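>>> Turn this into a structure:
(one chain, ligands or ions: 4)
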Amino acid sequence: MRMGLAGLLLAAGCSFAPSSAAPIDAGGGGGGGSSHAAGEAGEPDAREASDAAPVPDAPVTPALSCPSGPGWFQIADSESWYFASTSFRTWRTAETECEALQTAGGAAMHLAVADTLVEVVDLAVRDQDNNVLGNSYWIGMFQPTDQAAPDAGWLWITGSAGYGSGSAWSSGEPNDDGGLFSQAGESNDENFGELYGDGASLNDEAETNFDRYLCECDGVPVPAATRALIPH
Ligand SMILES: [Ca+2]
Ligand SMILES: [Ca+2]
Ligand SMILES: [Ca+2]
Ligand SMILES: [Ca+2]
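Ligands and ions are numbered 1, 2, ... in the order given. Presented below is the predicted three-dimensional model:
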């Protein structure tokens, strides 16, 4: 068997040699379209065989070790577990409480990082299912102090870039309060992200606001460098 397999591989290897000349045919063919198509049709076998070997097996993602119980749920297309609080907290206290929910040896947690619009929508739908329409939820997005504009520099608590201007935000947001209580423009009035409970959209809000909050258990720790950028 072993010899036979080796022989097959050797034979297969030899058979690839002529096919490496195929691109020359494709480039020089007078009937461009058809000769290119012929080249593509003839090459996939060789490409698959030669490319398959160095590609490692896809890593097996272990199931996340997350807490469970009332308030915990999952959404489509995510391995994460989420927790919807029923208590109202300031943003920083909410983040502290999310991290404290991590079990010993379990996956890291933080305020929810809804970094795809699908996640924003799915979490908002969950809000509605939970009959808490109208309540806003803190999520794990913040804006470091003294940015150039209300939509500039937003970060997720796990370190990646947050939403700039665009469809994730509610109409007219982020507005840094729009001058309602302080000066218009970016003046650090609203540097923390919340998810409106009555729609799939985000708002920037003052840290001292009391909101419910959404935690996410995804195993991604909060980088120290990112934590240092949370406005005080
Ligand atoms: Ca997430
Ligand atoms: Ca302002
Ligand atoms: Ca702001
Ligand atoms: Ca706002």
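>>> So which bits of the chain are right by ligand 4?
Within the chain, the positions near ligand 4 by C-beta under 5 Å from the ion are E173, N175, E190, N203, D204. Glycine gets a C-beta too; all of them are placed from N, C-alpha and C.
>>> which residues in this structure form helices?
Applying DSSP state H to the chain gives helices spanning 2-19, 22-28, 32-42, 44-52, 91-100, 117-129, 224-227.
>>> that older thread, among the residues of the chain next to ligand 4, which are in strands?
Using DSSP state E, the subset of the residues of the chain next to ligand 4 located in strands is N203, D204.
>>> Dump the residues of the chain next to ligand 4 to CSV, plus neighbour count.
Output for these, formatted as CSV (neighbours: other C-beta atoms under 10 Å):
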residue, neighbour count
E173, 22
N175, 19
E190, 25
N203, 19
D204, 24
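>>> closest to G162 among the residues of the chain next to ligand 4?
Nearest to G162 among these: D204, at 10.2 Å, using C-beta to C-beta.
>>> Next up, the contacts around that closest one.
Contact partners of D204, counting by C-beta atoms under 8 Å, 6 or more residues apart in numbering, are Q143, P150, E173, P174, N175, D176, E190, N191, F192, G193, E194.
>>> Within its local environment, how many residues does the second one see?
Counted with other C-beta atoms under 10 Å, the neighbours of P150 add up to 24.
>>> how about it, what does it touch?
Taking C-beta under 8 Å, 6+ apart, one finds Q143, P174, N175, D176, G185, E186, E190, D204 in contact with P150.
>>> switch to 10 Å and redo it
143, 165, 169, 173-178, 184-187, 189-191, 204 (C-beta atoms under 10 Å, 6 or more residues apart in numbering).
>>> now do the fourth one
Remark: with contacts taken as C-beta under 10 Å, 6+ apart, P174 is in contact with 141, 143, 149-152, 154, 162-165, 168, 186, 190-191, 193, 202-205.
>>> pLDDT score for the nearest residue to it once chain neighbours are set aside?
In space, P174 comes closest to D204 once its chain neighbours are excluded; the distance is 3.6 Å by C-beta to C-beta, 6 or more residues apart in numbering. pLDDT for D204: 97.
>>> measure D204 to ligand 3 for me?
5 Å (C-beta to the ion, to the nearest Å).
>>> Show the buried residues in the contacts of P150.
Neighbour counting by 16 or more other C-beta atoms under 10 Å classes 143, 169, 173-178, 186, 189-191, 204 among these as buried.
>>> Ligand 2 next: which of the contacts of D204 are close?
Checking those against ligand 2 (C-beta under 5 Å from the ion), the matches are D176.
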